[in-house]
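Trainee: 3D model of this:
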Amino acid sequence: MRFDTPLIPARLIRRYNRFLSDAELESGEIVKAHCPNPGSMMGLKDPGLRIWLEPNDDPKKKLNYGWRLVELEGGHWSGIDTGVPNRVVGEALRARAVPELAAYGGVRAEVKYGERSRVDFLLTEPGLPDAYVEVKNVHLRREDDWAEFPDSVTTRGAKHLVELSKMVEAGRRAVMLYLVQRTDCGRLKMAADLDPGYAAAYDAAQHAGVEMLCYGTAIDRESVTLAAKLPVAATPQT
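Mentor: Below is the predicted model:
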């Protein structure tokens, strides 16, 4: 997934109202940027962070800048746009670049299923059970090289795990694919201390046969793409 226009550097002043942020450009100009992330963004919203904005001149958009990346220590990056993972995974699925799902040629996005839900991707292939794939954005890191999910309470996320479990019961494949949108992590675990309910739902779904996959990303100022598979902790960690 390539960004539509070249990103420009800035310093974060503050992130507020969930979808808004103020930043200072290198010229000294203070601008307001859209923050495409309703989550807590723990560790990625501290004032003074070097961030990267995508400018636009679209008259339909209220703001001329969108916040896309955070520059981390050691030359690492984190993406903050929660819409990016579905685009990255969608491209990878259509290119058959996810080995566990490469046998599927049919890829449909946002398909209704379960109880008033939509699955991120429904994969089909003659002779194979349909595969229901949910994608989750991961960008929390608190210790060592552990990526963690979620970074705040997500009842919706727990519901998705229940819905996937029901698909397994019905004889389909069900996959939860966590995409780690930062480059300084090498493995994934559940943040049970932040959301015990999600951790419990994760454990139950895993035992029900939901496949848990995790992939990293390659991130730079031009693009975010699928990278190597990362190990997932067998059970929620505390």
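
Trainee: okay, domains of this structure per the record?
Mentor: The record, using automatic domain parsing to delimit domains, assigns the chain the ranges 8-71, 84-229.

Trainee: to Arg2, which of those domains lies closest?
Mentor: Nearest to Arg2, of all the domains of the chain, is domain 84-229, at 4.5 Å by Cβ to Cβ. From N, CA and C alone the C-beta is placed, and that goes for glycine too.

Trainee: now do the same end-to-end measure for the closest one.
Mentor: For domain 84-229, the first and last residues are 18 Å from each other (Cα to Cα, to the nearest Å).

Trainee: same check, this time on stretch 35-49
Mentor: Chord length of stretch 35-49, first to last residue, is 14 Å (Cα to Cα).

Trainee: that stretch: which residues count as buried?
Mentor: Under the neighbour-count criterion of 16 or more other Cβ atoms under 10 Å, stretch 35-49 has 35-37, 39, 41-45, 49 buried.

Trainee: for stretch 3-13, same thing?
Mentor: If you call a residue buried by 16+ other Cβ under 10 Å, then stretch 3-13 has these buried ones: 3, 7-8, 10, 12-13.

Trainee: and which of these is nearest to Arg116?
Mentor: Looking across these and measuring by Cβ to Cβ, the closest to Arg116 is Phe3, at 33.3 Å.

Trainee: ok, that closest one touching Thr225?
Mentor: No: with the criterion set as Cβ atoms under 8 Å, Phe3 and Thr225 do not qualify as a contacting pair; they are 11.6 Å apart.

Trainee: are we agreed that His160 is in a helix?
Mentor: Yes: following the definition DSSP: H, G, I helix; E, B strand; the rest coil, His160 is counted among the residues of a helix.

Trainee: how close does it sit to Gly114?
Mentor: To Gly114, His160 is 9 Å away according to Cβ to Cβ, to the nearest Å.

Trainee: more crowded one of these two?
Mentor: Comparing His160 with Gly114 by neighbour count (other Cβ atoms under 10 Å), the higher total belongs to His160, at 25 against 15.

Trainee: who's in contact with that one?
Mentor: If you count contacts by Cβ atoms under 8 Å, 6 or more residues apart in numbering, His160 has them with 117, 134, 176.

Trainee: specify which member of these is nearest to Ser21.
Mentor: Proximity of the contacts of His160 to Ser21 was ranked by Cβ to Cβ; the top entry is Glu134 with 27.6 Å.

Trainee: which strand residues bridge the residue lying closest to Arg94 once chain neighbours are set aside?
Mentor: Distances taken as Cβ to Cβ, 6 or more residues apart in numbering place Val107 nearest to Arg94, at 5.2 Å, with adjacent residues excluded. In this structure, Val107 bridges to Leu123 when assessed by DSSP bridges.

Trainee: that's all I had, so thanks and see you.
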